[in-house]
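1. Next input, structure requested:
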Amino acid sequence: MKFFLYNPTILLMIVLFCSANVLLAQNIKQSIDKAPIDDTKIASSFNSYALNPMLNNLCYGTNATENSWVSLSIASPDSFNTISTIGDWLSGGDFDNYGYFYGISLSTSTLLKITPTTGFVTNVGTVSGVDNGYTITSMAFEPNTKTMYLGATSGAESKLYTINISSATATFVGNIGAQTLITLAINNAGSMYGIDITTDYLIKIDRFTGTATTIGAIGYDLNYAQDADFDPANDSLYLFGYANEGILLSIDTTSGAATQLAAFGSNEITAFGVNNPYPVSVNPENNPLNSFQLNQNHPNPFNPSTKISWQSPVGSHQTLKIYDVLGNEVATLVNEYRNAGNYEIDFNPASPIGAGSIKNLASGIYFYQLRIGDPSSGSGQGFVETKKMILLK
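-> Numbering: from 1, shown residues only. So this is what the prediction gives:
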């Protein structure tokens, strides 16, 4: 029989009790909390034949044993590179499309933004919108709609949310059901997967409704916090888990079966993500920046926020402004030089913008205009386009 534990004091009492009762320990399921430190288990092993030797993208995460930010090569993950100490460990996280990592501090439910190469941490804010009694366990980024998802569990059931990574506001999507969700991961096609730590099964989740479908058993008795992510370069699913020691698993998404690739002793990797912000479907080599493009905002109509994205094949001064139907400027979202590239920004009328807030913006039709360089120069290096969006309150 498996139990799901939240209170750290109770967890410590149970762990001490289990150490004197071996038979009872075999029947107790551990929690999403951090694993106890065992300095005697430091051996590391690595199955070098189970991974593609050409796959060398770096992955990042928190080592909960030391509350540190680490990197390692997914091709040879038997050694860590400790980058910085971050003060807490993260109970789930993922990269956005700009290469920043977002994760949730377990002790404070704070959304943190991390620069992966330096470990520099920006405090976004305390997460709001998650139901009381639910612990945030996981995050996953959907690359096609550029949406960050969040999973939370009460121990009896789990729920799916989206989260605005600018405001730390979560929006309920749907009930996942009687699953003790421990991790989320989304592949290039937008399919969402999770792992139930109570049953140790891989599940597939409808990201529009939260409905879960059971795929199959992992084959490992997982305990404590862990995280999974797809490598966008080949759409393979990897899990940093903890089954009496830290392990790296590859997961077959058709059966749920896991293959162990490495073991890390007492090291426990959480909030794991592969640092490749360009999935195969939107790889820059397949979609070169050879034209200007302003995309339709999404969602549209929107409330309370929407995303606006665009691309520029040249580096130039860029402005992105919002106008009402009378042509009055109501907000300036961008006004600076930017390099060639793909960009996206959140527009939330209820958030402070520039010198003040426009939270009293009424429902109705608005226009957003992107201007790059000087469109009238005739050089082909300038661009201007305007699109309509609708705010519904």
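2. right, and Asn300 touches Lys307 too?
-> No - here Asn300 does not reach Lys307: they are 9.6 Å apart, not a contact under CB atoms under 8 Å. In this view, the C-beta of every residue, glycine as well, is placed from N, C-alpha and C.
3. of those two, who's got more company?
-> In this view Asn300 and Lys307 are compared by other CB atoms under 10 Å, and Lys307 has more residues nearby, 19 against 15.
4. Would you mind listing the outside residues contacting the helix or strand hosting that one?
-> Using DSSP states H and E, Lys307 maps to strand 306-312. By CB atoms under 8 Å, 6 or more residues apart in numbering, the residues outside strand 306-312 that reach it are 146, 289, 291-295, 297-300, 318, 320, 333, 338, 340-348, 368, 370, 372, 383, 389.
5. Repeat that for stretch 339-353.
-> Against stretch 339-353 from outside (CB under 8 Å, 6+ apart): 97-98, 146, 164, 166-167, 289, 297, 304-315, 320, 322, 331-334, 357-359, 361, 368, 391.
6. Outline the domain layout of the protein.
-> Following automatic domain parsing, one gets these domains for the chain: 1-31, 32-281, 293-391.
7. Over the second one, what's the mean pLDDT, rounded is fine.
-> Domain 32-281 shows a mean pLDDT of 84 in the predicted model.
8. count of neighbours near Lys145?
-> Careful, residue 145 is Thr and not Lys. As a burial measure, Thr145 scores 12 neighbours (other CB under 10 Å).
9. Can you classify it by secondary structure?
-> coil (DSSP: H, G, I helix; E, B strand; the rest coil).
10. Not counting its neighbours along the chain, what's nearest it?
-> Ranked by CB to CB, 6 or more residues apart in numbering and with sequence neighbours excluded, the top spatial neighbour of Thr145 is His298, at 6.6 Å.
11. residues contacting the residue nearest the centre of the chain?
-> Residue closest to the mean C-alpha point of the chain, counted by CA atoms, centre = their mean, is Asp94 at 2.6 Å. Taking CB under 8 Å, 6+ apart, we find Asp94 in contact with Phe101, Tyr102, Gly103, Met139, Ala140, Phe141, Met148, Asp229, Gly273.
12. Check the gap between it and Met139 for me.
-> Distance, Asp94 to Met139, by CB to CB, to the nearest Å: 5 Å.
13. residues shared between the contacts of these two?
-> Any residue near both Asp94 and Met139 by CB under 8 Å, 6+ apart counts here, and that gives Tyr102, Gly103, Met148.
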